[in-house]
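K.L.:
give me a 3D structure for the following:
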Amino acid sequence: MNWETHLPHFREHFYRRERRSVPRARAFVRRALEDWGAAARSDDVLLCVSEIVTNALLHGVPPGRGFRVMLWLESDGQLRIEVHDSGEGTPALSSATDDAETGRGLLLVETLADKWGVGARNPGKVVWAEFVDCRPSGTRG
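P.N.:
As a prediction, the model looks like this:
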């Protein structure tokens, strides 16, 4: 498939509030990256997806609700991932101690993504991350 043929690419999927949604969301994103031939930074992308989705499940999805994962791949190779939930609160970077077992998820996102942030929606919020240059190696430059 020609890289430029069908850009921008877009996919979305809704997940229920359950633990198995984390590996399912990761598989959904992995499949999209493979289909688009854009797996150049897939390890970083998939780790960030895991962290953002886990945070949504633990802190952002009220009982009986779910969350939506959306991703876009633009012709310049930029990938944007969004996780939409209907919960209250705003995720923030934590200062986890060395012996803490939790609290490092957004620190990983901060380190691996080129940009990330939180936006408002009604109800809830969207947590997003962007990765530049996710094009296949033969199309850079």
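
K.L.:
give me the buried positions along the helix or strand of the chain with the lowest mean pLDDT.
P.N.:
Across the helices and strands of the chain, the lowest-confidence element by mean pLDDT, DSSP states H and E is helix 105-112, at a mean of 89. Buried positions in helix 105-112, judged by neighbour count with 16 or more other CB atoms under 10 Å: Gly105, Leu106, Val109, Leu112. In short, each C-beta sits where N, CA and C put it, glycine included.

K.L.:
do you know how far the last one is from Arg31?
P.N.:
The reference is to Leu112. Relative to Arg31, Leu112 is positioned 20 Å away (criterion: CB to CB, to the nearest Å).

K.L.:
residues near His9, how many?
P.N.:
Burial measure for His9: 17 neighbouring residues, criterion other CB atoms under 10 Å.

K.L.:
does it really touch Met70, like I thought?
P.N.:
No: counting by CB atoms under 8 Å, no contact exists between His9 and Met70, whose distance comes to 11.4 Å.
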